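1. please find the sequence and the predicted model below.
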Amino acid sequence: MMNQENKVAIVTGGGSGIGFAITKKFVTENITTIIIGRDAKKLNDAKNILGDLCIPISFDLNDLSSIPALVNDLESKFGSITILVNNAGINLKKNFTEVSDDDFKSIMHTNVSSVFALSREVAKVMIKNVNGCIINISSMASQYGIPKVIAYTASKSAIEGMTRAMAVELSPLGIRVNCIAPGFIATE
């Protein structure tokens, strides 16, 4: 990564697991990295490990109506957002026939609707600057049939479709959009 001075990144779920590893790399590359999540302790622990370039923001991304104000606030405090990593997500392991409508909606809301809303608002910032990069974290579950994760699989398949649509629409505006589909990773 070259020329990272003055870059500002947002990593959702940046307090642990894959998000923490991404945040660690960004901070190492001198990128101011805002980590967003619900668990303030995890976020603050990450900041204590990673230092001043790691900015913890406790926020529930399920609160879709508050996302525009959040992004405006972050832009006014930290400047133009140049990188967004949509990493936060939830999973549910249940037999297909036991997954309730509410279970399914909850996974889709957290894993798809919040990614859509946050990406839309950050893209508005990036479009003004004709520059940006959005990275969505999917899962190998979207590629293969894995038992007991029907809602998670559906949500990650939606992320992959949304990534393709965003890439086609935003690339002429200077914004790269990609998706990473990791396999099993040993985390907490």
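-> Good, I have the coordinates.
2. alpha carbons only for contacts and neighbour counts from here, please
-> Fine.
3. now the chain, which segments are flagged as low pLDDT?
-> Applying pLDDT under 70 to the chain picks out residues 1-5.
4. quick one: the strands in the protein?
-> Assigned by DSSP state E, the chain shows strands spanning 8-12, 32-37, 54-58, 83-86, 132-137, 175-180.
5. who does the first one pair up with?
-> Strand 8-12 pairs in its sheet with strand 32-37 (parallel), strand 83-86 (parallel), by DSSP bridges.
6. for the chain, what's the longest helix?
-> Secondary structure of the chain read by DSSP state H shows that its longest helix is helix 150-170.
7. which one in the chain is furthest away from the centre?
-> Thr97 (29.3 Å; C-alpha atoms, centre = their mean).
8. can you tell me how far that one is from Tyr152?
-> Thr97 is 15 Å from Tyr152, where distance means C-alpha to C-alpha, to the nearest Å.
9. same check, this time on Asp39
-> In terms of C-alpha to C-alpha, Asp39 sits 21 Å off from Tyr152.
10. with neighbour numbers in mind, choose between those two.
-> The neighbour comparison of Asp39 against Tyr152 (other C-alpha atoms under 10 Å) goes to Tyr152, with 25 against 16.
11. tell me who's in contact with the spatially most central residue of the chain.
-> By C-alpha atoms, centre = their mean, the chain has its centre lying nearest to Asn86, at 1.4 Å. Contacts for Asn86 (C-alpha atoms under 8 Å, 6 or more residues apart in numbering) come out as Val11, Thr12, Gly13, Val115, Ile134, Ile135, Asn136, Ile137.
12. what number of residues lie near the closest residue to Leu50 other than its chain neighbours?
-> Distances taken as C-alpha to C-alpha, 6 or more residues apart in numbering place Lys24 nearest to Leu50, at 6.5 Å, with adjacent residues excluded. Residues lying near Lys24 (other C-alpha under 10 Å) number 23.
13. again, but for Val168
-> 13.
14. what ranges do the helices span in this protein?
-> Along the chain, the stretches classed as helices by DSSP H are 17-28, 40-50, 67-78, 101-108, 114-129, 150-170.
15. quick one: closest of those to Val177.
-> Each of the helices of the chain was scored for nearness to Val177 using C-alpha to C-alpha, and the closest is helix 150-170 (4.8 Å).
16. ok so, going back, and the longest helix of the chain, how far out from the chain's middle?
-> How far helix 150-170 lies from its chain's middle: 13 Å, per C-alpha atoms, centre = their mean, to the nearest Å.
17. what do you get for stretch 56-65?
-> 12 Å.
18. what are the buried residues along it?
-> Pro56, Ile57, Ser58, Phe59, Leu61, Asn62, Leu64 (16 or more other C-alpha atoms under 10 Å).
19. likewise for stretch 137-156?
-> Going by neighbour count (16+ other C-alpha under 10 Å), the buried part of stretch 137-156 is 137-142, 148-156.
20. identify the farthest-apart pair in these.
-> Ile137 and Lys148, at 20.0 Å, using C-alpha to C-alpha across the buried residues of stretch 137-156.
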